[in-house]
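Visitor: would you be able to build a 3D model of this:
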Amino acid sequence: MADLDWTRAAPEGAEGPGPWIEVAFGPDDLVHLRETSDPENVVTTTRQKWDAFVLGVQAGEFDHFAAMDAQGPATP
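Guide: Numbering: from 1, shown residues only. The predicted structure is shown next:
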């Protein structure tokens with residue numbers, strides 16, 4: 001996996017080591033994900049599943065995970 005071109009998903013203007021999520025698109029339609037604090041721990045999925053996930057994020061399907069209340073993450 002040393003030959004993968006990793007792209008860091010960090011907020012614009014963010015500085016420092018993170019931790020941030022990084023994504024790399026590899027051969028055979030595989031998508032690789034890792035966290036900058038543990039770059040040896042790589043999760044791999046298919047491009048089809050990644051595309052479905054991205055569409056779900058864009059459609060707001062996971063927004064309830066980010067919504068916070070006084071007790072922690074909100075439940076759907």
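
Visitor: CA atoms for contacts and neighbours, from now on please.
Guide: OK.

Visitor: pull the longest strand from the protein.
Guide: Determined from DSSP state E, the single longest strand within the chain is strand 38-46.

Visitor: sheet partners, orientation included, of it?
Guide: Strand 38-46 pairs in its sheet with strand 30-35 (antiparallel), by DSSP bridges.

Visitor: neighbours of R34, how many?
Guide: When neighbours are defined as other CA atoms under 10 Å, R34 has 20 of them.

Visitor: I figured it hits I21, correct?
Guide: Yes. At 5.8 Å, R34 counts as touching I21 under the criterion of CA atoms under 8 Å.

Visitor: buried sites along the longest strand of the chain?
Guide: Residues of strand 38-46 classed as buried: none (neighbour count, 16 or more other CA atoms under 10 Å).

Visitor: next SSE downstream of it?
Guide: Moving toward the C-terminus from strand 38-46, the next helix or strand (DSSP states H and E) is helix 47-58.

Visitor: tell me how far A24 lies from A67.
Guide: Distance of A24 to A67, given as CA to CA, to the nearest Å: 28 Å.

Visitor: neighbour count for those two, which is higher?
Guide: Neighbour totals were compared for A24 and A67, and A24 leads with 18 against 12 (other CA under 10 Å).

Visitor: just give me the neighbour total for the residue nearest to the more buried one when sequence neighbours are not counted.
Guide: Distance criterion CA to CA, 6 or more residues apart in numbering; nearest residue to A24, sequence neighbours excluded, is W6 at 4.6 Å. Residues near W6, counting by other CA under 10 Å, number 17.

Visitor: and what of V23?
Guide: Neighbour count for V23, taken as other CA under 10 Å: 19.

Visitor: what sits closest to it if chain neighbours are left out?
Guide: Using CA to CA, 6+ apart and skipping residues adjacent in sequence, the residue nearest V23 is L33, 4.6 Å away.

Visitor: now do the buried residues in stretch 24-34.
Guide: The neighbour-count check on stretch 24-34 (16+ other CA under 10 Å) flags A24, F25, G26, V31, H32, L33, R34 as buried.
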